[in-house]
Structure formats: structure tokens, C-alpha cells
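J.: Pasting the sequence and the predicted model now:
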Amino acid sequence: MESSRNSNSSEELRGRVAAALAPVLFPGAHLALGLSGGVDSVALLSILADLAPGLQFSLRAVHVNHCISRNATSWAEFCAELCESLGISLRIELVDISEFRTLGLEGAARRARFAAFAGVEADFLVLGQHRDDQAETLMLRLLRGSGPQGLASMSPVKTFPGMRAKLLRPFLEASRAEIEDFARRRRLRWIEDESNADIHRRRNFLRHEVFPLIETQFPGARATIARCAEHMGEARELLEELGRGDYDRCSDGEGTVEVAALLQLGTARAKNLLRFWCELCGALPPAAAQIAEFLRQLRASGADARTSLAVPGWRFLRHRGRLHFAHTWEPLPLEFHQDWNGENALPLPALGGALTFRPEEGRGLSLAKLRLAPVSVRLRRGGERLRLDSRRPRRTLKNLFRERGVPVWLREHTPLLFCGEELVSVPGVGNACEYLAVPGERGLIVSWEPFA
């Protein structure tokens, strides 16, 4: 009887994982499992290896070595041996968490891990997060004062900006105890991260001290809290729908929002729209207090006042009654110089886009005149002039930018096209009239295409 119960218990968890994967996967899908070597990922690797033939997917594993623990090398070796025994290929990623050190040790490790996962070539990245992780995450965010978006449950399937693979979490309906029971019954081996016992870390404190105490009075509290996270997930979906609708109504279709329309929404919906906009662009939303202060400044200041709000890697900026959400680029040297050698597209990663050159007869820049001297891309240094009309004098680039409404923060990163020492084209402004193609002549239409 005991053997039968063991078998049924193992089959139940395996069946739940299969049920979570079946509606999502397609024949020939490529899955990559995040394999830490802990019991959750080892148990999931065992189940996925069983399911791969029947569900027709290929499987490999990725182990991220954070180089934090003195045992990190032995963990990587354990994962390599385990995958070799199952005939599964393993990729080991060494990461440097120092870039994210301001987030604390756990936050830095998590951010570095996801940065490594973003480069994984697969259709789906599978993680072993489970119901207890769900409850712990909600409790941590509740204690930080998170709103509905932060309190929402982890999604079984999720797409992340900048990540090709979709994220799959097929263990979210299973508890840690169920997974450990499965692993013991299958006689699996796994590693124990010594840091998991350190109750000075907040998640460990909740896991080992807080939840056991709560469950003396509220049995099954972890399952109940995880269910609460699911309810918050539904609320988040509704807020996202509302945010998308408000964004569509307030935007101009070119990535900006009318400030007056934003403020007419009321405080709660305006906050929700700004958070939605951040998530749409893959940026971290600002804190509630920052958003509230930003909206107050928008209301209190004049229509032309420069008002901004910074989030990591991005800024909200007001310009001529519209709100922009722009990348914050690193300052570039004035000596920036990139040669153009006749390509149809010239990528300029430092400027966040590419210059394109489309051939067109009798329009744009004269190809013959561009061949009279080396053509290059430079940045504004000050004092540049451009004559757009042969009947009018040269104008300063500063005045032309102002006339055409080019936001101040874009001007220093606008690529300027030179032929020799002559400024011949400025995207968003125009072309030097002396270099325009005449009817019947081969010309080039020069355009700026931001990567975003």
C-alpha cells in the first residue's frame, strides 16, 4: 500500500505540471530550465525530463553562478553531473552582481540572474517557484507598502520586455512540502544553499520564523495568502486594461501623452496610467510618493514649465503641453564621429537608433554631391547653421530646433550629417538646400529611426 501511495503522490505532482504546460507549449518548443541545484529546480528537471517526449519539447538547463558563496563552484559541478546523468545539456552563466549592488545582496543577485536569463535562446524559460514563494513574496511586498500591481501573484506564464523566452512557472499550485516529498520519494539528490538558513535575510525570516508562528493560529496560511495574491492578480489585470484604455485616449499615437488629458483623469487613474506606461516600456514604476509629487507639480506649474520625474534608465518630461517618457542616455563626447560608407542603414547604438538612407529619384540629398567629400555623423557642438531655403539666410540650429518643437533633451543626441565640414542634414529639421537632389537625379531620403 505504501508503494502505491508513493507512486500516486509522485504522479499527482507530475500530472499538475503536465496540465500547466499542455495549454501553453507547442510541438517542437525549446524549453530552458533555470537550475539552481536546489530541491525545487531538481524536482522540476526530473518531471520535465519525463514529460518531454510526450509533450514534444526539447529541454536544456541554465545554471547561474553568482560567485557569492564559497560553495558556488561545487554547486555548478553538481548541476553539470546531474544534467549529464539525464542526457540534458547545461549552460553555466557566471554573473557579476556588483553592477546592481545598490539593490542589496538578494536584489542584486536576482537582477543579475534575470539579466543572464534574458540572453537565453529558448521559447520558454522554466522556473521552479512555488506556492510558498508566492506567499512569501506577497508578504514582503505588503510590508514594503506595495500597491495592487506589486501585491499581485506571480503569473504562471509571463512575457518580459527584452527577453525572448516567455517565463513559465508550472509549480505555482504546489507547496514546498509537496515538492520535497516528491523529491524524497524519487530518491533525488539536491544541494542546500547555506544562506537559506540565515534568518537575517527577510525572506528567510518570514519562512522560518513568521509563517510557522502564524500557522499555529491560522493553519494553511501560506495557501490562503497565495490565493489572495491570485485575487490581486485579477485586480492587476483590470488596472492594466484601464491603464491601456486611458493611455490610448490621452496619447497622440507617437509616444507622448497630453498633460491636460492626463490630469483630467483624476489622481488615481493618472497614477495608474503612469505606472502602465512604465511597464509598457519595460521600466520600473516610481514609488507612489514620487508619482503623487510629480502630478502635483504638473498641476501647479505653467504649461511651459520644465517638470520631470526620473526612474531608473528613463525620465518623464513635459514639453509644450505633452508628457514624454524618454531614455536617459549616458553623456557623449562632443568628438563623437561615425563615418557613413554608403550603407542603407547606419546603426548608432550610443544615440539609441539608426540613420536610414532610402534611394529616391529627385528627392532628398543629392547622392552625387555627397560623394564630393567624406560623409560622417557628428553631434551638436554649438553654433551650427543650416540653410533650408535658398531664398533665406542660414539659420542657427538652436532656432530651427525651437521652431520645430524638438525637445531640449533630444537635441544633444540628435545625429547631424556632415559632408566634409558642411552640415547637410538634421533629422526632424531638414536638409541643406545646396545639397538637395534635382529632378531626375539620384537622391537619398535620410531618416532617424529610434530603436524603441
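T.: Nice, I can see it. Residues are numbered from 1 along each chain as shown.

J.: For the stretch 201-350 of the chain, which segments count as helices?
T.: Secondary structure of the stretch 201-350 of the chain by DSSP state H, counting those that start in this stretch: the helices cover 202-205, 211-217, 221-250, 259-264, 267-280, 288-300.

J.: Could you say which one of those helices comes nearest to Pro393?
T.: helix 259-264 (35.8 Å; C-beta to C-beta). In this view, the C-beta of every residue, glycine as well, is placed from N, C-alpha and C.

J.: What are the contacting residues of that closest one?
T.: 249-250, 270, 273, 295, 298-299, 303, 318, 321-323 (C-beta atoms under 8 Å, 6 or more residues apart in numbering).

J.: just stretch 233-247 next, same as before
T.: 148-149, 152-153, 155, 257, 265, 269, 272-273, 275-277, 279-280.

J.: thought Leu188 was touching Leu44?
T.: No. If you go by C-beta atoms under 8 Å, Leu188 and Leu44 don't touch, sitting 10.6 Å apart.

J.: Compare these two and say which is more crowded by neighbours.
T.: Between Leu188 and Leu44, Leu44 has the larger neighbour count (other C-beta atoms under 10 Å), namely 29 against 15.

J.: Pretty sure that one sits in a strand.
T.: No. Counting by DSSP: H, G, I helix; E, B strand; the rest coil, Leu44 is not part of a strand but helix.

J.: His130 is in contact with that one, correct?
T.: No. Taking C-beta under 8 Å as the definition, Leu44 is not a contact partner of His130, at 9.4 Å.

J.: quick one: common contacting residues for those two?
T.: What both Leu44 and His130 touch, as defined by C-beta under 8 Å, 6+ apart, is the set Phe171.

J.: Go ahead and list the helix or strand containing the closest residue to Arg14 other than its chain neighbours.
T.: In space, and not counting its chain neighbours, Arg14 is closest to Ile47: 5.2 Å by C-beta to C-beta, 6 or more residues apart in numbering. Ile47 is part of helix 39-55, with elements assigned from DSSP states H and E.

J.: Tell me the buried residues in that helix?
T.: Within helix 39-55, the residues that qualify as buried are 39-49, 51, 55, counting by 16 or more other C-beta atoms under 10 Å.

J.: now what about it, what contacts it?
T.: If you take C-beta under 8 Å, 6+ apart as the criterion, helix 39-55 is touched by 13-14, 17-18, 21-22, 25, 31, 33-35, 57-59, 61, 82-83, 86, 88, 126-130, 170-171, 176, 179-180, 182-183, 186, 188-190.

J.: That helix - what's its average pLDDT?
T.: For helix 39-55, the mean per-residue pLDDT is 95.

J.: then that helix to CSV, C-alphas only?
T.: Coordinates of each C-alpha in helix 39-55 appear next as CSV, following Å, rounded to 0.1, in the frame of the first residue of the first chain:
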residue,chain,number,x,y,z
VAL,A,39,15.2,20.8,-4.4
ASP,A,40,12.6,22.8,-6.4
SER,A,41,14.6,23.0,-9.7
VAL,A,42,15.9,19.5,-9.3
ALA,A,43,12.4,18.1,-8.9
LEU,A,44,11.2,20.2,-11.8
LEU,A,45,14.1,18.9,-14.0
SER,A,46,13.1,15.3,-13.2
ILE,A,47,9.5,15.9,-14.1
LEU,A,48,10.3,17.9,-17.3
ALA,A,49,12.7,15.1,-18.5
ASP,A,50,9.8,12.6,-18.1
LEU,A,51,7.3,14.9,-19.9
ALA,A,52,9.5,16.0,-22.8
PRO,A,53,8.8,13.0,-25.2
GLY,A,54,5.0,13.1,-24.7
LEU,A,55,4.6,16.9,-24.9
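
J.: What is the distance between it and the centre of its chain?
T.: Mean-position distance between helix 39-55 and its chain equals 28 Å (C-alpha atoms, centre = their mean, to the nearest Å).

J.: after that helix, next one along is what?
T.: strand 57-65.

J.: Who are the packing partners of that next one?
T.: strand 29-34, helix 39-55, helix 72-86, strand 90-94, helix 104-118 (3 or more C-beta pairs under 8 Å, 6 or more residues apart in numbering; DSSP states H and E).

J.: List the pairing partners of the very next helix or strand once past the last one within its sheet, with orientation.
T.: Once helix 104-118 ends, the next helix or strand along the chain (criterion: DSSP H and E) is strand 124-126. Applying DSSP bridges, strand 124-126 is found paired with strand 29-34 (parallel), strand 166-168 (parallel).

J.: what stretches of the stretch 301-450 of the chain score poorly on pLDDT?
T.: The stretch 301-450 of the chain contains residues with pLDDT under 70 at 303-304.

J.: Repeat that for the stretch 1-150 of the chain.
T.: Counting by pLDDT under 70, the ranges of the stretch 1-150 of the chain that qualify are 1-10, 100-103.

J.: again, 90 this time
T.: 1-12, 64-73, 93-121, 133-150 (pLDDT under 90).

J.: Please apply the same query to the stretch 151-300 of the chain.
T.: Using pLDDT under 90, the flagged stretches of the stretch 151-300 of the chain are 151-167, 173, 192-204, 207-208, 220-237, 252-255, 278-289, 300.

J.: cutoff 80 now
T.: 151-154, 159-164, 253-254, 282, 284 (pLDDT under 80).

J.: Isn't Arg144 up against Gly150?
T.: Yes. Arg144 is within contact range of Gly150, at 7.4 Å (criterion: C-beta under 8 Å).

J.: and these two? which has more neighbours close in?
T.: Using other C-beta under 10 Å as the criterion, Arg144 and Gly150 rank with Gly150 on top: 17 against 11.

J.: I'd like the distance between that one and Phe294.
T.: Gly150 sits 19 Å away from Phe294, taking C-beta to C-beta, to the nearest Å as the criterion.

J.: again, but for Pro170
T.: Counting by C-beta to C-beta - Pro170 and Phe294 are separated by 40 Å.

J.: higher neighbour count, those two?
T.: Pro170 (25 against 21).

J.: List the contacts of that one.
T.: Counting by C-beta under 8 Å, 6+ apart, Pro170 makes contact with 16-17, 20-21, 44, 126, 156.

J.: what do you get for Trp329?
T.: Contacts for Trp329 (C-beta under 8 Å, 6+ apart) come out as 350-352, 413.

J.: Filter those down to just the ones in helices.
T.: Using DSSP state H, the subset of the contacts of Trp329 located in helices is empty.

J.: Can you tell me which of those residues are buried?
T.: Among the contacts of Trp329, the ones that count as buried by 16+ other C-beta under 10 Å are 351, 413.

J.: rewinding a little: can you tell me which of the helices of the stretch 201-350 of the chain is most buried?
T.: Mean neighbours per residue, mean count of other C-beta atoms under 10 Å, is largest over the helices of the stretch 201-350 of the chain for helix 267-280, with a mean of 19.

J.: Pull the residues that contact that one.
T.: Helix 267-280 is touched from outside by 149, 239-240, 242-244, 246-247, 250, 257, 262-263, 265, 284-286, 288, 291-292, 294-295, 311, 314, 316, 325, with contacts defined as C-beta under 8 Å, 6+ apart.
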